[in-house]
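> Provided below for reference: sequence and predicted model.
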Amino acid sequence: MNKLLISLACLIPLTGLHAQNNPKAMPQDVRIKQVAYRDNDVVPVHGVPFTTTQIQFAEKEEVLDIEGGDTTAWMVTNHPELGNIVFIKPTSFDSNTNMTVITNKHAYYFHLKSSKQVEPIHEQQTYALKFVYPETQSRTTINTHRATPPAQPKVVNAAYRFSGSPQLVPKHVFDDGQFTYFELTANGAVPAIFAV
């Protein structure tokens, strides 16, 4: 019985392990942050009273709705011409609330916390928060690699001689003045190649 209780007690702290997605500070300025979008994660934003924070979503995303927990302690602005950007600003000290932003592509959840005093530059302050989308970036990289055809080298010299087994002779060999290219048969053995 005691072992069961100890096991359950050990599991309790793990339940909220991935509930918060902490933004990473940019090397140029710690107040500019970047965070990877992950479904159903809560993103913390540390604000300073009367200081604006810009939240930027994907380029083609448009904000449809914004709901805030404490709308008197935080001002929220979204201009139609800046469809993927939201501005937030705490108007009181020591505020602790939440905000949900719904766009045409995702739902975003934020934990908003304002400081107890106006602070000097501090790494928890957030002047800008930019979302990145890892699945979109990896798809773009894959598509870019697929769309780029291999370079066709210019044949400068095709006068090569072969010796040895005819089964090991390449189909075609040439160079472009810088590199030597070998075209081998699809199912053939790879020969040993020597520079003389």
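Ah, there it is.
> And for the closest residue in space to Thr77 that isn't next to it in sequence, the neighbour number?
Distances taken as C-beta to C-beta, 6 or more residues apart in numbering place Phe87 nearest to Thr77, at 4.4 Å, with adjacent residues excluded. Any C-beta I mention is one placed from the backbone N, CA and C, and that applies to glycine too. Counted with other C-beta atoms under 10 Å, residues neighbouring Phe87 total 14.
> what does the strand or helix carrying Phe87 contact?
For Phe87, the element it lies in under DSSP states H and E is strand 85-90. The contact list for strand 85-90 (C-beta atoms under 8 Å, 6 or more residues apart in numbering) reads 45, 47-57, 63, 66, 73-79, 99, 101, 112, 114.
> cutoff 10 Å now
If you take C-beta atoms under 10 Å, 6 or more residues apart in numbering as the criterion, strand 85-90 is touched by 45-57, 61, 63, 66, 68, 70, 73-79, 97, 99, 101, 103, 108, 110, 112-115, 126, 128-130.
> Which neighbours in the sheet does it have, and how are they oriented?
Each strand paired with strand 85-90, and its direction, by DSSP bridges: strand 53-56 (antiparallel), strand 74-77 (antiparallel).
> Run through who's touching the first one.
It refers to strand 53-56. By C-beta under 10 Å, 6+ apart, strand 53-56 touches 31-35, 43, 45-47, 63, 74, 76-78, 82, 84-90, 99, 101, 108, 110, 112, 125-131.
> and if you look at stretch 173-183?
151-162, 170-172, 184, 190-191, 193, 195.
> Which ones among the residues you listed map onto strands?
His172 (DSSP state E).
> per-domain residue ranges of this protein.
Following automatic domain parsing, one finds the domains of the chain at 18-142, 153-196.
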